Every structure is written in C-alpha cells, then in structure tokens.
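# here are the coordinates; sequence isn't available:
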C-alpha cells in the first residue's frame, strides 16, 4: 500500500486478465478481484485513470459470464474504483458499458444497483 506505482504492471494485468477466463471457477475470479482491489487502492484514482487501458481488458468483459457469487464483488470494484473516475472514464466508457450492460438482467438482485 505504500508504493503508488505497481512494478511490472503490464505482466500483472495480463495474468489477472487470464484469471478472468470464463472456464475458470468462481473462486479464481474472486481472488483476482481482490487483487485488482488492492492494486487500485494502491494506485489511487489519478493513476488508475492514466492506466485504465491496462487493467480494463480483464475486468470489463467479466460481468456477462460471471457466477452469481462473483457479481457483487465485481460491481463493488466498479463502484469503488471506476465510477469515481467520472469524466476520466471517458476513454474506456464504451468498453465499460459493453461489459456491464449485457451482464445485467432485469429482475436480478444486481439490476437496481
């Protein structure tokens, strides 16, 4: 938590994106989401907005095929780290929306959120 820059961030982001593969069990997805959360807390919003393209490739497509126990954790990561970016999310907004909208089903527990 004391270092604002993540070493070897490209390699780490690739490995985390591989952990989000649909064939992997939900436990792997949850551990990867915990890791994303720790990394984003270390980075802060300013750094995340600059490195959005690095980490978004693993997170944005996950909601469509995520298990029901993974969705709340993923939505928490979105709410905690991506929504506060506000205007700085604009470069990745199309990817964010294309990942979020197909995963939401009307009537589900997460639809209101």
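That came through fine. The structure presented is a predicted model; accordingly, all values stated were derived computationally and were not measured.
# return the distance of the top helix by length along the chain from the chain's centre.
Taking DSSP state H as the assignment, the helix of the chain that covers the most residues is helix 26-50. Centre-to-centre, helix 26-50 and its host chain are 7 Å apart (C-alpha atoms, centre = their mean, to the nearest Å).
# and the helix or strand immediately after that helix in the chain, what's its mean pLDDT?
Past helix 26-50, further along toward the C-terminus, the next helix or strand under DSSP states H and E is helix 52-59. When pLDDT is averaged along helix 52-59, the result is 90.
# which residues are in contact with helix 52-59?
Outside helix 52-59, the residues that touch it by C-beta atoms under 8 Å, 6 or more residues apart in numbering are 9-10, 13, 16-20, 32, 36, 39-40, 48, 74, 77-78, 85, 88-89, 91-92, 95-96, 99. The way it works is simple: take the backbone N, C-alpha and C, and place the C-beta from them, glycine included.
# just the buried residues from those, in PyMOL please.
Buried members of these, identified by 16 or more other C-beta atoms under 10 Å, are gathered into one PyMOL selection as follows:
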select buried, resi 13+16+17+19+20+32+36+39+40+48+74+77+78+85+89+92+95+96+99
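# returning to what we had before: give me the contacts around the longest helix of the chain.
1, 3-6, 12, 16, 19-20, 51, 55, 58-59, 62, 66-67, 69-70, 73-74, 76-77, 80-81, 84-85, 88-89.
# now stretch 78-93
By C-beta under 8 Å, 6+ apart, stretch 78-93 touches 37, 40, 45, 48-49, 52-53, 56, 59-60, 96, 100, 113.
# ok, 10 Å please
With C-beta atoms under 10 Å, 6 or more residues apart in numbering as the test, stretch 78-93 has contacts from 36-37, 39-41, 43-46, 48-50, 52-53, 55-57, 59-60, 63, 95-96, 99-100, 113.
# picking that back up, now which of the contacts of helix 26-50 would you call buried?
With burial judged by 16+ other C-beta under 10 Å, the buried subset of those is 6, 12, 16, 19-20, 51, 55, 58-59, 62, 66, 70, 73-74, 77, 81, 85, 89.
# no more questions from me, cheers.
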